[in-house]
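Novice: After the sequence you'll find the predicted model.
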Amino acid sequence: MKKEIKLVIYHANEDDPKKCTAKKLQRFGFAKIVTKINMTPRNAILLNPFSEKSISKEDLEVAKKFGMLAIDCSWKKVEDSFKKLCKKNTSRSLPFLVAVNPVNYGKPFEFTTLEAFAAALYILGKIDQAEKILKIYNWAPQFLELNKEPLEDYKKAENSKEIIEIMKQYI
């Protein structure tokens with residue numbers, strides 16, 4: 001069996017627990033939640049919507065070694081959290097994809113923690129792990145179906161620059 005990428009979530013307890021994909025990821029054993037920034041892993045790939053560099057297969061070795069980190073907090077406080085975590089991690093954004101979660105269905109870049117991890121895993125070539133975590137919600141596997149074409153294109157890209165060029169075709 002291929003080694004799965006470790007998924008860690010900095011969770012600020014600022015959202016509706018009933019809709020929290022991060023907590024469900026932890027309940028199913030797919031991710032670890034930490035509630036203090038100093039408990040987050042160093043050198044992990046931080047999924048950061050403010051990063052100018054996109055995640056790409058060039059990040060795979062870092063992700064395998066140190067894991068991936070997402071932040072689950074209110075959008076009102078998100079910039080502060082990212083500023084603190086950027087100092088000790090490799091920031092990467094996700095390219096253009098469309099959300100399928102019930103709150104933001106059809107909106108680009110409005111992902112749940114689950115969708116963000118699934119997108120990143122797919123782009124890194126960890127498709128089995130992406131599919132596995134999406135099964136925790138009935139609506140979630142549709143994320144890969146709806147975004148199949150761009151995800152396949154992004155997965156083939158060698159680096160962030162290529163992903164940005166591909167993304168321009170979809171916007």
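Specialist: Perfect, I can see it now.
Novice: From now on I want contacts and neighbour counts done on CA atoms only, so please keep to that.
Specialist: Will do.
Novice: And the lowest mean pLDDT element among the helices and strands of the protein?
Specialist: Least confident helix or strand of the chain, by mean pLDDT, DSSP states H and E, is helix 78-86 with a mean of 64.
Novice: Now the element after that helix, going C-ward?
Specialist: Remark: after helix 78-86, the chain's next helix or strand is strand 90-92, criterion DSSP states H and E.
Novice: contacting residues around that next one?
Specialist: N43, A44, I45, L46, L47, N48, P49, S51, E52, K53, S54, I55 (CA atoms under 8 Å, 6 or more residues apart in numbering).
Novice: ranking these by neighbours, who comes first?
Specialist: Among the contacts of strand 90-92, the one with the most neighbours (other CA atoms under 10 Å) is I55, at 31 neighbours.
Novice: low-confidence ranges in the chain?
Specialist: Counting by pLDDT under 70, the chain contains low-confidence ranges at 1-2, 14-17, 74-88.
Novice: residue ranges of the strands in it, please?
Specialist: Per DSSP state E, the chain carries strands over the ranges 7-11, 32-34, 45-47, 68-72, 90-92.
Novice: For those, give me JSON lines that also has distance to L134.
Specialist: As requested, the strands of the chain are exported to JSON lines (distance: least, CA to CA, whole Å):
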{"stretch": "strand 7-11", "distance to L134": "14"}
{"stretch": "strand 32-34", "distance to L134": "16"}
{"stretch": "strand 45-47", "distance to L134": "17"}
{"stretch": "strand 68-72", "distance to L134": "16"}
{"stretch": "strand 90-92", "distance to L134": "21"}
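Novice: Those: which one's closest to N159?
Specialist: strand 90-92 (11.6 Å; CA to CA).
Novice: Paired strands for that closest one, with orientation please.
Specialist: strand 45-47 (parallel) (DSSP bridges).
Novice: Can you give the distance from the partner strand to the centre of its chain?
Specialist: Remark: strand 45-47 is offset 7 Å from the chain centroid, using CA atoms, centre = their mean, to the nearest Å.
Novice: May I have the residues that are in contact with F50?
Specialist: Here F50 is in contact with S93 (CA under 8 Å, 6+ apart).
Novice: Kindly provide the distance from it to Q129.
Specialist: 25 Å (CA to CA, to the nearest Å).
Novice: next one: F111
Specialist: Applying CA to CA to F111 and Q129 gives a distance of 18 Å.
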